[in-house]
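Asker: Sequence and computational prediction follow.
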Amino acid sequence: MDNNNIKEKIDQLRKELSEYNDKYYTLDTSDVSDYDFDKKLKELSLLEKYHPELYDPTSPTIRIGVGNPSSSSTTNYHKYKMYSLQNTYSKKELIIWKQRIHQSVSSFLSFVCELKYDGVSINLIYKNGCLTHALTRGDGEKGEDVTENVRTIQSIPLKLKGKNYPSYLEIRGEIFLPIKKFMEINTERIKNGIPPYANPRNTASGTLKIHDKKEVYKRTLSCIAYAVIGKDLPFDTQYQSLKKIKKWGLKVPETARLCKTMKEILHFINYWNIWKKELPYHIDGIVIKVNEYQKQSILGYTNKYPRWAIAYKFRQKLSETKLLSLTFQVGRTGIITPVANVFPIEIYGTNIKRVALYNNRFIQKMKIHHGDSLFLEKGGSVIPKVTKINVKKRLVNSFPVSFLKKCPSCNSSLIKENELFYCIENNCPSQRIGKIQHFVSNRGMNIKGIGNEIVEKLYRKGFLYKISDLYQLKKEDLLQINGVKEKLAEILIKNIEKSKSNPYHKVLYSLGIRHIGEDISKKLTEHFLNINSLISADYDNLTSISGIGKKTANSVKTYFSILENKRMIETLIRHGVCFSTKCILETKDFPLRGKSFVFTGKLSKMTRNRAKNMVEFLGGKVFNRVNNQIHFIVVGKNFGSKLEKCMGKKNVQILTEDIFIEMIEKKKKKEKEIKF
Ligand code: AMP
């Protein structure tokens, strides 16, 4: 064959195979046997191998990994943000959503109802009609590049059909694993002694990330496209867009329906709630979208989701398990929380052994009996909860669960306050351990290395009884704890010492006084500049501060009326723990002293809590809200309105996360002793 003939042959095979693929995957019909298809594919791949100059990224062979396997995963920014969807389980809320929309857009509206596919959302980027990139949603701003694996998915055309498409186009859709294929994969895994996958969605998500294109191809992932983003689009409604996407060669939600009234929307929801089980893939609800693009743009977006769309989620199938026993946990403030220990059950890929029963009211409302069969519900990332009792399975002689009368930790009588039970015994071991654990925690004094377990062991061995005992610990004491060796003991002692440089408001919060959270603690320390003035503050002084109510004032008064607490604070002061806004000035020169920060959005390199600790260790302050004292705003992903507020202020500097880290590093060098 001469070169011209080879090119012709390759073109013809590519065209033929693409058409077969198209019919098979988009129209669910086939004109060719598997044998003939594979034969042609082999022929094409051989020709391509010997003629690399005729490479075409849209060739059908690309799908099965003739190219190189995908390299390790990379992430890329989305040109247009990928939003989540607001959701509801209630039809009433859906009606309210529609009414709210009508307040902003008074003219006539239509809606498109689509199935909510339970898979992985994908952003397919087409340049001049060719698929160039495929990114997962990731955090909405940037997603994982899964182009190579996505190329293996037959229902995603490598080249769009027709001509009428803008030169740059993003097609959004859902990649999922059909239930039948999921079952086949699991049967095979079980046969080979490998644990089965939890559910089709996780399997689809995992499949997109594996580094073996052939394996991805074999798993026959599928894709349904439901949105187009780009400029100069040849349509102006959601409904028309679906028709166009289909013409371009993608699978679209064939079941989508244009609805004009709430009645039609509810009918669609009810219909699919019954028939969803007949679908070859999982859906977890219905998405309702305003049809007209012009009206969508009037409604706009919040930081997280479009205001013009909502997902009505179906309630998850309930999972049934048995109540084995009850545990009553004692919190650091003495509150008693009942927890059901259940026969282990897997729901949505997580093994559930314990379920919170919240409080006595919940137990009474559910009328839970010992040994009951419980129905649990857990949707997506939601914590499981008991939704119903299978009364039919109740044992004849079983008796209702009743709340404890005595504290399980110290056996003293419980008191009831607003339907909640408390242990008020000052010497209750669980409360004492809990208080010390809170004091050393990340959000508290952030004493690295001393976690819950070590605190409990130190308490049981008699080395810790109250918070201030921490500052009397010796290396020899720590060495008596299982697993603590010389080196670690030295580090722990150093870290305890370091915690003395925590600012006053952090120390006050760490004491664990009821109702004194981080914000309230800051407020109190701004008004009462040292602990003595706070101790002597009367009820009216306290409640005159905005944000400090009756409950908080009473709690402060009660805490300081206990002699042991006052003595403990004296001991802490003697050890050098800071109980005054002035002590920062008195100690070393802290490089961020006098500087205030506010954070907005999600940081990618550290938690916000860690960032806050870093600032505070260097003598700076962190506020939750924008105020006139702010010097810096650190902006992360999906930032909120705080940025806009700061932009209106002259003296606020805007920092990206990287610049913030750089700044901290520089300051840290200045203040070498401070380690995080
Ligand atoms: P959630 O993950 O619960 O926040 O729901 C939002 C996700 O639903 C989107 O990111 C999409 O991946 C997915 N989704 C499934 N079906 C649709 C649909 N028909 N239209 C829009 N989004 C959908």
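Answerer: Received the coordinates, thanks.
Asker: Which residues of this protein lie near the ligand?
Answerer: 84-85, 87, 114, 116-117, 121, 137, 174, 226, 253, 287, 311 (C-beta under 6 Å from any ligand atom). No exception for glycine: its C-beta is placed from N, CA and C like everyone else's.
Asker: Indicate the residue of the stretch 51-200 of the chain located nearest to the ligand.
Answerer: Taking C-beta to the nearest ligand atom, the ligand has its nearest neighbour within the stretch 51-200 of the chain at Ser121, 2.7 Å off.
Asker: measure that residue to Leu85 for me?
Answerer: To Leu85, Ser121 is 10 Å away according to C-beta to C-beta, to the nearest Å.
Asker: can you check Asn411 too?
Answerer: For Asn411, the distance to Leu85 - C-beta to C-beta - is 50 Å.
Asker: So what's the gap between stretch 555-574 and the chain middle?
Answerer: Centroid separation between stretch 555-574 and its chain, computed with C-alpha atoms, centre = their mean, to the nearest Å, is 39 Å.
Asker: got a list of contacts for that stretch?
Answerer: With contact meaning C-beta atoms under 8 Å, 6 or more residues apart in numbering, stretch 555-574 is reached by 426, 466-468, 471, 507, 511, 513-516, 524, 531, 534-535, 537, 539, 542, 579.
Asker: let's see it at 6 Å
Answerer: Contact with stretch 555-574 is made by Lys466, Ser468, Ile513, Arg514, His515, Ile535, Leu542, Phe579, as judged by C-beta atoms under 6 Å, 6 or more residues apart in numbering.
Asker: Please pick the buried ones from the residues you listed.
Answerer: Buried members of the contacts of stretch 555-574, scored by 16 or more other C-beta atoms under 10 Å, are Lys466, Ser468, Ile513, Arg514, Ile535, Leu542, Phe579.
Asker: Name the nearest of those residues relative to the ligand.
Answerer: Arg514 (35.7 Å).
Asker: which SS class is that closest one?
Answerer: Under the three-state scheme (DSSP: H, G, I helix; E, B strand; the rest coil), Arg514 adopts coil.
Asker: go on, Asn76?
Answerer: Looking at Asn76 with three-state DSSP, the answer is strand.
Asker: What's opposite it in the beta bridge?
Answerer: Beta-bridge partners recorded for Asn76 (DSSP bridges): Gly143.
Asker: Could you report the neighbour count for it?
Answerer: Neighbourhood size, Asn76 [other C-beta atoms under 10 Å]: 15.
Asker: so it makes contact with Val146?
Answerer: No - using C-beta atoms under 6 Å, Asn76 is not in contact with Val146, being 10.3 Å away.
Asker: on that earlier part again, okay, the contacts of stretch 555-574 in JSON lines with pLDDT next?
Answerer: Shown next, in JSON lines, are these (pLDDT from 0 to 100):
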{"residue": "Lys466", "pLDDT": "95"}
{"residue": "Ser468", "pLDDT": "95"}
{"residue": "Ile513", "pLDDT": "93"}
{"residue": "Arg514", "pLDDT": "88"}
{"residue": "His515", "pLDDT": "87"}
{"residue": "Ile535", "pLDDT": "94"}
{"residue": "Leu542", "pLDDT": "94"}
{"residue": "Phe579", "pLDDT": "94"}
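Asker: I'd like the distance between Ile491 and Lys448.
Answerer: Where Lys448 is concerned, Ile491 sits at a distance of 8 Å (C-beta to C-beta).
Asker: cool, and Ala309?
Answerer: The span separating Ala309 from Lys448 equals 44 Å under the rule C-beta to C-beta.
Asker: which of the two has more neighbours?
Answerer: Ranked by neighbour count (other C-beta under 10 Å), Ala309 and Lys448 place Ala309 first, with 23 against 16.
Asker: Please list all residues in contact with the residue nearest to that one when sequence neighbours are not counted.
Answerer: Closest residue to Ala309 apart from its sequence neighbours, by C-beta to C-beta, 6 or more residues apart in numbering: Lys289 at 4.4 Å. Going by C-beta under 6 Å, 6+ apart, Lys289 touches Val112, Gln238, Ala309.
Asker: For the last one, what are phi and psi?
Answerer: Backbone torsions of Ala309, given as degrees, to the nearest 10, read phi -140, psi 150.
Asker: Name the spans of the stretch 251-400 of the chain whose pLDDT lies under the cut-off.
Answerer: Applying pLDDT under 70 to the stretch 251-400 of the chain picks out residues 348-349, 378-383.
Asker: Which helix or strand in the chain has the lowest average pLDDT?
Answerer: Ranking every helix and strand in the chain by mean pLDDT, DSSP states H and E puts helix 583-586 at the bottom, with a mean of 54.
Asker: Show me which of Asn411 and Leu85 is the more surrounded one.
Answerer: Set Asn411 next to Leu85 and count neighbours by other C-beta under 10 Å: Leu85 wins out with 17 against 10.
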